[in-house]
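> No sequence on hand, only this structure:
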């Protein structure tokens, strides 16, 4: 629209190929290959256009290419900014080869190119700074999510050590004692071995309880833990309670909530999560889920089988970027009173 002739438009279009090349290969960090070549070719396009007395809008290619490259210099960015504006005006001075020097042409080929370059540079430099801030926040969010998962693993490792560390030490001492008593007092040795067998069975049971999160788990504590972990990573958490949980100590529902929280932290890019509680049912919905078929559920699949064996249910679904996990525990009903005739007996 601003070209003075067909060749003017062709030169401007060719010059714009350089910044388009940069845009197609741009990344949040570093410089794409060919950045210097793109800067030189856009400067050449502006020089040819100015020397032939074309439209000053041809400086846009040079301004855009320079504004994408120079703000990422490690130092002397202000000097680079002034130099780019001065270069745009200096190249525009080639117009005086073919057009007379007047205040109007000076403004057209010197002031306008410098001002356009300064404006574009400032705008893209601000965008660059904003991009860096967003990238830093995203990295911080990811680091916090990984830290939350690591803390959960450390907590589990501590519980496992509490269960097995002391017991294994006692077993070691008792087996050594039984070895010494084998010949001198076989009955005492057998008693020690029976005690070792009892300790091993007890440890196996306590370890299984830990794996299935039956040890010291309840809905209230897991709900508070899930809220704190998710909010620490920048996720907005909404908790809706229609009816209080019928069994606050229901370990299966507490484990489902813990496993779902861990999955959100590790596999999703969520910004919002909703936890709904209704008697013996918990539903967790989070956004940021990937598209496509459901992945392998891992821990949730194990919990699904355990809930089904107990008479409950676990359902997962993914639709339109949202992941929903619904767990229903088996309802607990009080034992009905005996008929009067039975009570009389």
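Looks like it arrived, so ask away. As the structure is a prediction and not an experimental result, all values here were calculated from the model. Numbering: from 1, shown residues only.
> domains of this protein?
Domains of the chain are assigned by automatic domain parsing as 6-138, 145-211, 219-328.
> now those as CSV including mean neighbour count?
C-beta: built from backbone N, CA, C; applies to glycine. Below are these laid out as CSV (neighbours: other CB atoms under 10 Å):
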stretch, mean neighbour count
domain 6-138, 17
domain 145-211, 14
domain 219-328, 17
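> Throw these into JSON lines and include mean pLDDT, thanks.
Output for the domains of the chain, formatted as JSON lines (pLDDT from 0 to 100):
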{"stretch": "domain 6-138", "mean pLDDT": "84"}
{"stretch": "domain 145-211", "mean pLDDT": "81"}
{"stretch": "domain 219-328", "mean pLDDT": "82"}
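> where do the strands sit along the protein?
With DSSP state E as the criterion, the chain has strands at 236-243, 272-278, 281-286, 313-319, 322-328.
> From the chain's centroid, how far away is the fourth one?
This means strand 313-319. In terms of CA atoms, centre = their mean, to the nearest Å, the centre of strand 313-319 is set 22 Å apart from its chain centre.
> Which elements pack onto that strand?
Counting contacts by 3 or more CB pairs under 8 Å, 6 or more residues apart in numbering; DSSP states H and E, strand 313-319 packs against helix 299-310, strand 322-328.
> if you set the cut-off to 10 Å instead, what comes out?
In this structure, strand 313-319 packs against helix 251-267, strand 281-286, helix 299-310, strand 322-328, with contacts taken as 3 or more CB pairs under 10 Å, 6 or more residues apart in numbering; DSSP states H and E.
> In contact with the residue nearest to residue 189 when sequence neighbours are not counted, which residues are there?
Distances taken as CB to CB, 6 or more residues apart in numbering place residue 181 nearest to residue 189, at 3.9 Å, with adjacent residues excluded. Shown in contact with residue 181 (CB atoms under 10 Å, 6 or more residues apart in numbering): 187, 188, 189, 190, 191, 192, 193.
> Present these as TSV; the columns should include distance to residue 17.
Converted to TSV, these look like this (distance: CB to CB, whole Å):
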residue	distance to residue 17
187	95
188	92
189	89
190	90
191	89
192	86
193	84
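> State the pair within the residues you listed that is farthest apart.
187 and 193 (10.8 Å; CB to CB).
> hmm, back to that, closest to residue 268 out of the contacts of residue 181?
Using CB to CB, residue 193 is the member of these that sits closest to residue 268, with 50.5 Å.
> Would you mind giving the strands of the chain as a markdown table with distance to residue 199 added?
Listed next are the strands of the chain as a markdown table, based on distance: least, CB to CB, whole Å:
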| stretch | distance to residue 199 |
| --- | --- |
| strand 236-243 | 42 |
| strand 272-278 | 39 |
| strand 281-286 | 36 |
| strand 313-319 | 34 |
| strand 322-328 | 34 |
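> residues contacting residue 270?
Residue 270 makes contacts with 145, 230, 233-237, 264, 285-289, 321-323, as judged by CB under 10 Å, 6+ apart.
> check contacts around residue 39.
Contacts of residue 39 (CB under 10 Å, 6+ apart): 18, 19, 22, 61, 62, 65, 66, 68, 69, 70, 84, 87.
> Swap in 8 Å and give it another go.
18, 62, 65, 66, 69 (CB atoms under 8 Å, 6 or more residues apart in numbering).
> Which of those sits closest to residue 114?
Distance to residue 114 across the contacts of residue 39 (CB to CB) is lowest for residue 62, with 11.2 Å.
> For residue 238, see how far away the closest one is.
51 Å (CB to CB, to the nearest Å).
> what's the angle from the top helix by length along the chain to helix 251-267?
Using DSSP state H, we find that the single longest helix of the chain is helix 112-184. If you take axes from the mean of the first three to the mean of the last three CA atoms, to 10 degrees, helix 112-184 sits at 140 degrees to helix 251-267.
> gap between helix 112-184 and the chain center?
13 Å.
> Then stretch 14-23?
On CA atoms, centre = their mean, the centre of stretch 14-23 falls 33 Å from that of its chain.
> what's in contact with that stretch?
Contacts of stretch 14-23 (CB under 8 Å, 6+ apart): 32, 34-35, 37-39, 41-42, 44-46, 49, 58, 60-62, 64-65, 68-69.
> Go again with 6 Å.
Here stretch 14-23 makes contact (CB atoms under 6 Å, 6 or more residues apart in numbering) with 38, 41, 42, 45, 58, 61, 64, 65, 68.
> any chance of those in CSV, plus distance to residue 302?
Below are the contacts of stretch 14-23 laid out as CSV (distance: CB to CB, whole Å):
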residue, distance to residue 302
38, 55
41, 60
42, 59
45, 64
58, 66
61, 59
64, 55
65, 56
68, 51
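> among the residues you listed, which two are most distant?
Among those, 58 and 68 lie farthest apart (CB to CB), at 17.3 Å.
> Which members of the contacts of stretch 14-23 occur in helices, if any?
Going by DSSP H, the helices hold 38, 41, 42, 45, 61, 64, 65, 68 from the contacts of stretch 14-23.
> quick one: contacts for the second one?
The one in question is residue 41. Each residue near residue 41 by CB under 6 Å, 6+ apart is listed here: residue 18.
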